[in-house]
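Colleague: Quick one, what's the 3D model for this:
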Amino acid sequence: MATYIIRRLIATIPVLAGVSIAVFVILHLVPGDMAYALAGPQATKAELEAVRHTWGLDQPLYLQYLNWLFRAVQGDLGRSAFHSEPVFKMLMERLPNTMVLAITSTIISSLIGTFAGVISATKQYSIWDRLVMLTTLFGNSMPSFWLGLILIFIFSVWLRLLPSGGMTNLRGGGGPLDTLVHLILPSLTLSAFSMAVVAQLVRSTMLEVLRQDYVRTARAKGLVNRVVIYRHALRNALLPVVTVIGLQLGYLLGGAIIVETIFSWPGLGQMMYRAISARDIPVVMGGVLLLAIIFVLVNLVVDLCYAFLDPRIRYGNSS
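Modeller: Got it, this is the predicted structure:
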């Protein structure tokens, strides 16, 4: 197992390098000039050249990337061009907020999606099955920015039950309960698509598993239907679902950019959106690299979960 983990971690190095190169090239292909954004519209040509020299923008692109990479492998992601703060410090301040939102959304989508998929599979062609399929169709079709605005209108503007944005009450003193209340709308918005995907996958895998001989044997032994479904059928149906949930967590981290912007959630997504708009390249590079590392680690954890769900799977030296 340890050998497998080490090999997987080593294999992520070229992946992370490829991601960083792609993002670096794309950022420099986007129209605009970082030096112009830093110096301001009234800057003279001499001032622009001074800014380019200060930030190394007058060097060839490959040298700019190699300088960034050399610092990044030492844990130095540079300084924000507009906030003059270390990028690593800014990322660590925002990361917990994004992780709270992404993990909460993953839990919601996993639990509700799994439960809805099981109900839909065990009651195939019933009103419950049709209702779940209709709901998942809605979840797959609705863009997160549209759903977020609709939820804000219904629960914040019309019913005035939930706050429309932010992470805490501006007047302070709310504590964890206040944060939880502010978390409801963005987490529901972010989890809608993942919830639909999980529900559809659980339904299809459960329908296949329920037709297997060992399920019929368990029922023939007189086991309670609930035990047959949740102890025997569901556990074997969860293998592909775990893969999707792990991938969805990576999707939620990336999709949080839109949701955090809509709900003014002070996380990585909101910071990345502002950095992209301002062409703050060090912040964008550091943020993308951090998200890529998290995504790779999540996939590794998902692979290790296979051995727990299916005892036949073992990761040895031959893997």
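
Colleague: And the helices in the stretch 201-319 of the chain?
Modeller: 213-220, 225-227, 234-262, 268-277, 281-309 (DSSP state H, counting those that start in this stretch).

Colleague: Quick one: distance of the shortest one to the chain centre.
Modeller: So the one you mean is helix 225-227. From the chain centre to the centre of helix 225-227 is a distance of 34 Å (Cα atoms, centre = their mean, to the nearest Å).

Colleague: Provide a list of residues in contact with the closest residue to V283 other than its chain neighbours.
Modeller: In space, V283 comes closest to A275 once its chain neighbours are excluded; the distance is 3.8 Å by Cβ to Cβ, 6 or more residues apart in numbering. C-beta here means a position set from N, CA and C on the backbone, and glycine is covered the same way. A275 is in contact with 80, 283-284, 287, counting by Cβ atoms under 8 Å, 6 or more residues apart in numbering.

Colleague: any low-confidence regions in the stretch 1-150 of the chain?
Modeller: Along the stretch 1-150 of the chain, segments meeting pLDDT under 70 span 1, 32-33.

Colleague: okay, which residue is most central for this structure?
Modeller: L253 (2.0 Å; Cα atoms, centre = their mean).

Colleague: Next, the contact list for it, please.
Modeller: 98, 102, 268, 291, 294-295.

Colleague: Apply 10 Å and report the result again.
Modeller: Applying Cβ atoms under 10 Å, 6 or more residues apart in numbering, we find L253 in contact with 95, 98-99, 101-103, 105-106, 190, 267-269, 290-292, 294-295, 298.

Colleague: Show me how to select, in PyMOL, the buried members of those residues.
Modeller: This is how PyMOL selects the buried members of these, with burial counted by 16 or more other Cβ atoms under 10 Å:
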select buried, resi 95+98+99+101+102+105+106+190+267+268+269+290+291+292+294+295+298
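
Colleague: which residue sits closest to D280 in space, ignoring its chain neighbours?
Modeller: A81 (4.9 Å).

Colleague: Work out for me the element S164 sits within.
Modeller: Under the criterion DSSP states H and E, no helix or strand holds S164.

Colleague: tell me which element the residue nearest to D280 falls in.
Modeller: Under DSSP H and E, no helix or strand contains A81.

Colleague: Repeat that for P14.
Modeller: P14 belongs to helix 2-29, assigned by DSSP H and E.

Colleague: Now the element after that helix, going C-ward?
Modeller: Beyond helix 2-29 on the C-terminal side, the first helix or strand identified by DSSP H and E is helix 34-39.

Colleague: Using PDB, write out every CA atom in that following helix.
Modeller: This file holds the C-alpha atoms of helix 34-39, laid out as PDB (Å, rounded to 0.1, in the frame of the first residue of the first chain):
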ATOM      1  CA  MET A  34      -0.500  43.200 -16.300                       C
ATOM      2  CA  ALA A  35       2.000  46.200 -16.200                       C
ATOM      3  CA  TYR A  36      -0.700  48.500 -17.500                       C
ATOM      4  CA  ALA A  37      -3.200  47.200 -14.900                       C
ATOM      5  CA  LEU A  38      -0.600  47.800 -12.200                       C
ATOM      6  CA  ALA A  39       0.700  51.200 -13.200                       C
END
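
Colleague: got the CA coordinates for the helix or strand just after it in PDB?
Modeller: Using DSSP H and E, the helix or strand that directly follows helix 34-39 along the chain is helix 45-54. Output in PDB follows, covering the C-alpha atoms of helix 45-54 (Å, rounded to 0.1, in the frame of the first residue of the first chain):
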ATOM      1  CA  LYS A  45       6.000  54.600 -21.000                       C
ATOM      2  CA  ALA A  46       8.900  54.800 -18.600                       C
ATOM      3  CA  GLU A  47       6.700  53.900 -15.700                       C
ATOM      4  CA  LEU A  48       5.300  50.900 -17.600                       C
ATOM      5  CA  GLU A  49       8.800  49.700 -18.300                       C
ATOM      6  CA  ALA A  50       9.800  50.100 -14.700                       C
ATOM      7  CA  VAL A  51       6.800  48.000 -13.600                       C
ATOM      8  CA  ARG A  52       7.600  45.300 -16.200                       C
ATOM      9  CA  HIS A  53      11.200  45.200 -14.900                       C
ATOM     10  CA  THR A  54      10.100  45.000 -11.300                       C
END
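
Colleague: can you list the helices of the stretch 201-319 of the chain in TSV and add distance to R7 and mean pLDDT?
Modeller: TSV is the format used below for the helices of the stretch 201-319 of the chain (distance: least, Cβ to Cβ, whole Å; pLDDT from 0 to 100):
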stretch	distance to R7	mean pLDDT
helix 213-220	34	77
helix 225-227	39	75
helix 234-262	19	77
helix 268-277	29	85
helix 281-309	11	79
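
Colleague: Nearest approach to E47 belongs to which of those helices?
Modeller: When those are compared by Cβ to Cβ, helix 281-309 sits nearest E47, at 19.1 Å.

Colleague: quick check: angle from the closest one to helix 234-262?
Modeller: Per axes from the mean of the first three to the mean of the last three Cα atoms, to 10 degrees, the angle that helix 281-309 makes with helix 234-262 is 160 degrees.
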